[in-house]
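Student: Sequence and predicted structure are below.
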Amino acid sequence: MYCIIVMIGSIKQRTMMKINIAGCLVGLGLLTGCDHKISAEVPTGDLKSQPEFVEKTVIGYSGTQNHKFLNNYQVYSEGWDTLAQARFWQDVIALSHDSMIINVACVRQPLYKVSTTEWHCQTELEKDLYKQNLVINNSLDQNTNIFVTSGKKFFFEYKKALPMISQALPVFEKYETDPWYAQTILLIESPGKTEARSYAGARGPFQLMPYVAKKYGLVVSKYQDDRTDLTKSAMAAAKLIRSICIPYAKKILDQRSISYNEKDLWFRLFVMHIYHAGAGNVAAVVEKIAPTEGGMPLIRQMWQNEARGFKNESQNYSQIALASIINFDRLISQDNDTVYLVEGDKNMKFFHEKTKICVDTLAFFKDCLAAYESDLVEGTIPFDYFAARVSKVQIDMLKYTGDHGESKYLSNILESERMYKLGNELMYKRKFNDAIMVFHLGLEKNPVSPATYESLVKAYRSIGNTDLALKYSKKSKELSENPDFFIR
């Protein structure tokens, strides 16, 4: 592995450390990518006459439905999408868990992207020296606080949140609460999930604490937890925001004679901070800031200040909300009035209709396979649907490679490696049963892959099937002791 030696330290002390040059080159690529503006399509026409909702035709693997969503034109008309923090979290949300972004904490300026494995393989001293080197090379103040943020793509399942949003909006309207909160909370708290539980004890799509849920009539017991019911939890969240969060937001702002409009985006973000951190903590940080006006300046000051329980996680909350809104808008607007939940189907539809010019057919097929793999990992399609669709693409691929003299043997090996990687992605998301079936697909292509057998062992152990775990452990050991069996 190629390395460079970097000298870091003061006149009194200089220290040497090794930095992987490949990781640095990846980081340089990230810096280039972060220089351009990232946003969804900005609404055209008179912004004041923009409709409150947009209607979309959503096409999934099981059929077509019509849904409505909030129109977030204020994000773009007021320039929230250009803020460094919003752009940073867009990148984090789109980044796989195996990568991390080293960034300037106070303004979320990306410096480098590094491999998660490589970063955690370093000692704490090496990590500190790495950060110091970035401070020096970027001409930053010596006291600059540097964060390392891992990719969160695995968590933000926007496609699975689509029908949940459409179902929750009318619940908020029924209880006379701004439906904007329903959509935004479902995009950031536990997008696409109803069973999610936080370390603090919050649970469900709106991440309600037990005492809050009970306050608004939900049952939370050993045998029943209404927080996992979308409609019931939406009702409780709507009541909480209407009767607690918004009144406290008004009280805090009124005490400082700060004017507001409840439909203003900054006011909504302010309310979201109360929903997340609590009114007392928000009041404390406002007291520290001592603002004389609201708007974007107040929200940005909240990102820079801490008080009581209002710390880094609370600062990030509205930043992540903005990034999620922008990413979600990009998802629902990329094909005009239609939203394709299954990216693989969308690609194949364009291919068969010849509406997309294909320069490299084999590369296009590989992209389609990758799209179906992402669809499975994201949970937008079940395994049976995935297997059937992938089989059709592979048939087209084999026909193409046969016509062009490609080796079927090599194709099987490559496909086995794809299934191995996909299975491990599913394992990371704790989708063990899907992972097991994917590993078996890989073994059909290459039945002598020790790595796949080892992953099967872990998967079966995870679901408590010790007999099959032992069986495949023996198989892996047998192959490892007989390397002549390996397909090279």
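Tutor: Received the coordinates, thanks.

Student: Least confident secondary structure element in the protein?
Tutor: None of the helices or strands of the chain scores lower by mean pLDDT, DSSP states H and E than strand 3-9, at a mean of 31.

Student: Would you map the helices across the stretch 301-450 of the chain?
Tutor: For the stretch 301-450 of the chain, the helices defined by DSSP state H, counting those that start in this stretch cover 312-333, 343-352, 361-378, 383-403, 408-428, 432-445, 450-462.

Student: packing partners for the first one?
Tutor: Secondary-structure packing of helix 312-333 (3 or more Cβ pairs under 8 Å, 6 or more residues apart in numbering; DSSP states H and E): helix 73-77, helix 84-94, helix 158-174, helix 179-188, helix 265-277, helix 295-304. (Glycine included, C-beta is placed from N, CA and C.)

Student: Doesn't residue 64 belong to a helix?
Tutor: No. Membership of residue 64 in a helix is not supported by DSSP: H, G, I helix; E, B strand; the rest coil, which gives strand.

Student: My guess is it contacts residue 339. True?
Tutor: No. Look at residue 64 against residue 339 with Cβ atoms under 8 Å: they stay out of range, at 10.0 Å.

Student: Counting neighbours around each, name which of these two comes out higher.
Tutor: Between residue 64 and residue 339, counting by other Cβ atoms under 10 Å, residue 339 is the more crowded of the two (21 against 9).

Student: So for the more buried one, what's the pLDDT?
Tutor: Residue 339 is assigned a predicted lDDT (pLDDT) of 94.

Student: what bridges to it?
Tutor: Counting by DSSP bridges, residue 339 forms beta bridges with residue 58.

Student: Would you mind measuring from it to residue 380?
Tutor: 11 Å (Cβ to Cβ, to the nearest Å).

Student: go on, residue 58?
Tutor: Using Cβ to Cβ, residue 58 is found at 11 Å from residue 380.

Student: which residues do the two both contact?
Tutor: Listed as contacting both residue 58 and residue 380 by Cβ atoms under 8 Å, 6 or more residues apart in numbering are residue 341.

Student: Helix or strand: which one has the residue nearest to residue 294 when sequence neighbours are not counted?
Tutor: For residue 294, ignoring the flanking residues on the chain, the nearest one in space by Cβ to Cβ, 6 or more residues apart in numbering is residue 258 at 4.6 Å. For residue 258, there is no helix or strand it lies in under DSSP states H and E.

Student: Residue 258 contacts residue 293, correct?
Tutor: Yes. Between residue 258 and residue 293 there is a contact at 6.2 Å, judged by Cβ under 8 Å.

Student: Between those two, which has more neighbouring residues?
Tutor: Shown here are residue 258 and residue 293; by other Cβ under 10 Å, residue 258 has more neighbours (18 against 11).

Student: For the more buried one, give me its contacts.
Tutor: Listed by Cβ under 8 Å, 6+ apart, the contact partners of residue 258 are 291-294, 298.

Student: Just name the closest of these to residue 172, please.
Tutor: residue 294 (23.3 Å; Cβ to Cβ).

Student: Give me the phi and psi angles of that closest one.
Tutor: Main-chain dihedrals, residue 294, degrees, to the nearest 10: phi -100, psi -140.

Student: ok, now which ones touch it?
Tutor: When contacts are counted by Cβ under 8 Å, 6+ apart, residue 294 touches 253, 258-260, 264, 266-267, 270.

Student: Could you measure from it over to residue 300?
Tutor: For residue 294, the distance to residue 300 - Cβ to Cβ - is 11 Å.

Student: who wins for neighbours among the contacts of residue 294?
Tutor: In the contacts of residue 294, the most neighbours by other Cβ under 10 Å go to residue 270, 25 neighbours.

Student: give me the low-pLDDT residue ranges for the chain?
Tutor: Residues of the chain that meet the criterion pLDDT under 70 lie in 1-48, 354-359, 402-410, 483-488.

Student: what's the domain layout of it?
Tutor: Annotated domains of the chain cover 3-150, 158-333, 340-485 [automatic domain parsing].

Student: Nice, that's everything, thank you.
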